[in-house]
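# Structure for the following, please:
(2 chains)
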Amino acid sequence: MSSDCEKMKDQIADHITGILSEDQVQLLELHLNECKSCREYARVLKKEDTLLTELFAEIETDMTNRQEQILRKVNQLCVSKQTESLSIRRIIMKNQITKIAAVLAIVIGLGAISVVGVNISKIYYKGKTDDGHHVFISDDLETIVTMDDDEVTDPEQTVRDLEEMKVLSQQGKRELLRIKETITSTGRLKTHEYRYQLSDGRIKDMGEGADDMLPIDEDQWKEFKPQLEEFRRLQKAGPGEDLGTYEETVEGRVFSFKREKYFLSNGTEAIWTVGTPKDGQ
Amino acid sequence: MEESLDERVVRACQQDDKSAYAVLVKRHYREVFALCLGILGNLHDAEDVAQEAMLKGFLKIKKLDKHEQFKAWILRIAKNLCLDFLRRKKRLKVHNVKKPMQPYPNTSENHNLQQAIRRMPQELRLPLTMYYFDGKNAKTIAEKLKISHSGACQRIRAARKQLHELLSERKNNE
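Next up, the predicted model:
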């Protein structure tokens, strides 16, 4: 192989991928006629090119199926919006998120959530679920709040509190206390716990679905729920395997995250992460 | 100025016409998927994340002010989801370092090719994936990646040469 051959490799790659100019093609062909090693390189590259073209053609054939699958999921989300019980776009719960699975049972359509909307919408009390949670929903369905029975003595007062908290949230007047995340092989649940100070001086701590939570549809929830419940039982029984710590800046503040691993009965893992502000304030 | 199809469809979606979103899925899913595949390098991951991006787009469409920019907006969502996915995967990967490495199984050429694409660095995999997805048009790649035509050609060339090296390396190891 001559030193020319190294330069020719670029041209061969360009020729095979179809980006070599006509003039250069002619020069390259002259070289290929004389050089066995470059001919072999071109042959192999050509074969790879054929395989690549076939691979992408094969990927392309499933495109319609993939689109239809998305449209089915979109329809499920539409149905969930109509039935409200599936339309949860945001969860707010009390400090100790002890009833997460129960809450999610009515939060099947949990969506990707933005913390603030431009408009302040009204919040309505929707009554109690079968398992005793109080449910509050904003008229734009952006905010869904579930609370334990013992947290709500006067639903009308709670509505006023939640509306005030929503305004505080929009103004950024809240403190991020903790971030919790559970990842299993079938799903991911991430909550941010915020502290709000209301105008009358009361302090309210709330767990909210993180912004980057993605929609959980009914099918996924059916798989995720048992894993989540098993993970919570394991966690109550004792700490998991320590996976160390790392730091990450969230909402402009450095958080120290601690991770633990739990093994579920089906052989898969659940990763639990909790983050607290590094400055400890 | 005449309203584009995307503008009309986004407006319909924002007015709660649920069927309208199907038009946006048909028009833009393919490109979202190609981007995800280019960044992630794994077909199944790309399918999952591209789907998540389209669903997130559906849920958030009311927040899109510039209706004509749906395509750029949904691609940005997809890119952010891909990066988030890689960050999570990296964390999970750290946990599994004790697991013994599996030797490469002797599999089909197609599988080898997919593995090699997966091992490429993202900055080369993305143009290569887009190139073969878009009917081998370097000009389109340059526009999509916002780089010059010669820059696009250069990346495609580098990507092809690297892919060849990865495939040869693998062949020699078998």
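
# what sits against residue B:54?
By C-beta atoms under 8 Å, 6 or more residues apart in numbering or on different chains, the contact list for residue B:54 reads A:70, A:74, B:25, B:29, B:32, B:74. The way it works is simple: take the backbone N, C-alpha and C, and place the C-beta from them, glycine included.

# With residue B:30 instead?
A:63, B:133.

# Can you tell me how far it is from residue B:84?
Taken as C-beta to C-beta, to the nearest Å, the spacing of residue B:30 relative to residue B:84 amounts to 22 Å.

# Inside helices: which ones of the contacts of residue B:54?
Under the assignment DSSP state H, those contribute A:70, A:74, B:25, B:29, B:32, B:74 to helices.

# right, and the fifth one touches residue B:74 too?
Yes. Checked against C-beta atoms under 8 Å, the pair residue B:32 and residue B:74 is within contact range at 5.9 Å.

# For the contacts of residue B:54, give me TSV that also has neighbour count.
As requested, the contacts of residue B:54 are exported to TSV (neighbours: other C-beta atoms under 10 Å in any protein chain shown):
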residue	neighbour count
A:70	26
A:74	22
B:25	22
B:29	23
B:32	25
B:74	27
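
# with those in mind, which one is nearest to residue B:131?
Ranked by distance to residue B:131 (C-beta to C-beta), the contacts of residue B:54 are led by residue B:32 at 17.0 Å.

# ok, now which ones touch the closest one?
Contacts of residue B:32 (C-beta under 8 Å, 6+ apart): B:50, B:53, B:54, B:74, B:75, B:78.

# then the host helix or strand of residue B:56 to CSV, C-alphas only?
Using DSSP states H and E, residue B:56 falls within helix B:43-60. Provided in CSV are the C-alpha atoms of helix B:43-60 (Å, rounded to 0.1, in the frame of the first residue of the first chain):
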residue,chain,number,x,y,z
LEU,B,43,-33.3,0.6,18.4
HIS,B,44,-35.4,-0.3,21.4
ASP,B,45,-34.3,2.7,23.5
ALA,B,46,-34.9,5.0,20.6
GLU,B,47,-38.4,3.6,20.2
ASP,B,48,-39.2,4.2,23.9
VAL,B,49,-37.7,7.6,24.1
ALA,B,50,-39.2,8.8,20.8
GLN,B,51,-42.6,7.6,22.0
GLU,B,52,-42.1,9.4,25.3
ALA,B,53,-41.2,12.6,23.4
MET,B,54,-44.4,12.5,21.2
LEU,B,55,-46.5,11.9,24.3
LYS,B,56,-44.8,14.7,26.2
GLY,B,57,-45.5,16.9,23.2
PHE,B,58,-49.1,16.0,23.3
LEU,B,59,-49.4,16.8,27.0
LYS,B,60,-47.6,20.0,26.7
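
# what about that helix, average pLDDT?
Averaging pLDDT along helix B:43-60 yields 90.

# buried residues in it?
Neighbour counts over helix B:43-60 (16 or more other C-beta atoms under 10 Å in any protein chain shown) mark B:43, B:45-60 as buried.

# go on, stretch A:250-258?
A:255, A:257.

# hey, where'd the helices end up in chain B?
With DSSP H as the criterion, chain B has helices spanning B:5-14, B:21-40, B:43-60, B:70-95, B:109-119, B:122-133, B:138-145, B:149-173.

# list the buried ones in the fourth one?
Meaning helix B:70-95. B:70, B:73, B:74, B:75, B:77, B:78, B:79, B:81, B:82, B:85, B:86, B:91.

# any idea which of these is least confident?
Among the buried residues of helix B:70-95, pLDDT bottoms out at residue B:91, giving 60.

# What is the burial count for the closest residue to residue B:151 other than its chain neighbours?
Spatial nearest neighbour of residue B:151, chain neighbours left out: residue B:142 (6.7 Å); criterion: C-beta to C-beta, 6 or more residues apart in numbering or on different chains. Residues contacting residue B:142 under the criterion other C-beta atoms under 10 Å in any protein chain shown number 19.

# Check residue A:203 too.
By the criterion of other C-beta under 10 Å, residue A:203 has 10 neighbours.

# from memory residue A:63 sits against residue B:34, does it?
No. Look at residue A:63 against residue B:34 with C-beta under 8 Å: they stay out of range, at 9.9 Å.

# Least confident secondary structure element in chain B?
helix B:70-95 (a mean of 80; mean pLDDT, DSSP states H and E).

# and the angle from that helix to helix B:122-133?
For helix B:70-95 against helix B:122-133, the angle by axes from the mean of the first three to the mean of the last three C-alpha atoms, to 10 degrees is 130 degrees.

# Helix B:70-95 vs helix B:43-60, what angle?
Taking the same axes, to 10 degrees, one finds helix B:70-95 and helix B:43-60 inclined to each other by 130 degrees.

# Which strands or helices does helix B:70-95 pack on?
strand A:241-250, strand A:253-263, strand A:269-277, helix B:5-14, helix B:21-40, helix B:43-60 (3 or more C-beta pairs under 8 Å, 6 or more residues apart in numbering or on different chains; DSSP states H and E).

# can you do 6 Å?
helix B:21-40, helix B:43-60 (3 or more C-beta pairs under 6 Å, 6 or more residues apart in numbering or on different chains; DSSP states H and E).

# Can you name the element that comes right after the helix or strand hosting residue A:13?
If you go by DSSP H and E, residue A:13 is part of helix A:3-17. Using DSSP H and E, the helix or strand that follows helix A:3-17 towards the C-terminus is helix A:22-34.

# hmm, stretch A:17-24 in reach of chain B?
Yes. Counting by C-beta under 6 Å from any C-beta of the partner chain, chain B has neighbours in stretch A:17-24: A:17, A:18, A:19.

# who in chain B is up against chain A?
B:18, B:21-22, B:25, B:29-30, B:51-52, B:54-56, B:58-59, B:95, B:109, B:113, B:132-133, B:136, B:138, B:153, B:156-157, B:160-161.

# List the buried residues in stretch A:163-173.
Buried, per 16+ other C-beta under 10 Å, within stretch A:163-173: A:163, A:164, A:165, A:166, A:168, A:169.

# What does residue A:267 show for phi and psi?
Residue A:267 adopts backbone torsions of phi 90, psi -10, taken as degrees, to the nearest 10.

# From chain B, how far off is it?
13 Å (C-beta to the nearest C-beta, to the nearest Å).

# contacting residues around that residue?
Residue A:267 makes no contacts at all, as judged by C-beta atoms under 6 Å, 6 or more residues apart in numbering or on different chains.

# for residue A:132, same thing?
Applying C-beta under 6 Å, 6+ apart, the residues near residue A:132 are residue A:149.

# Rank the helices and strands of chain A by mean pLDDT and give me the bottom one.
strand A:92-94 (a mean of 33).

# ok so, going back, ok, so of the residues of stretch A:17-24 next to chain B, who is nearest residue A:257?
Nearest to residue A:257 among these, with distances taken as C-beta to C-beta, is residue A:17, at 43.9 Å.
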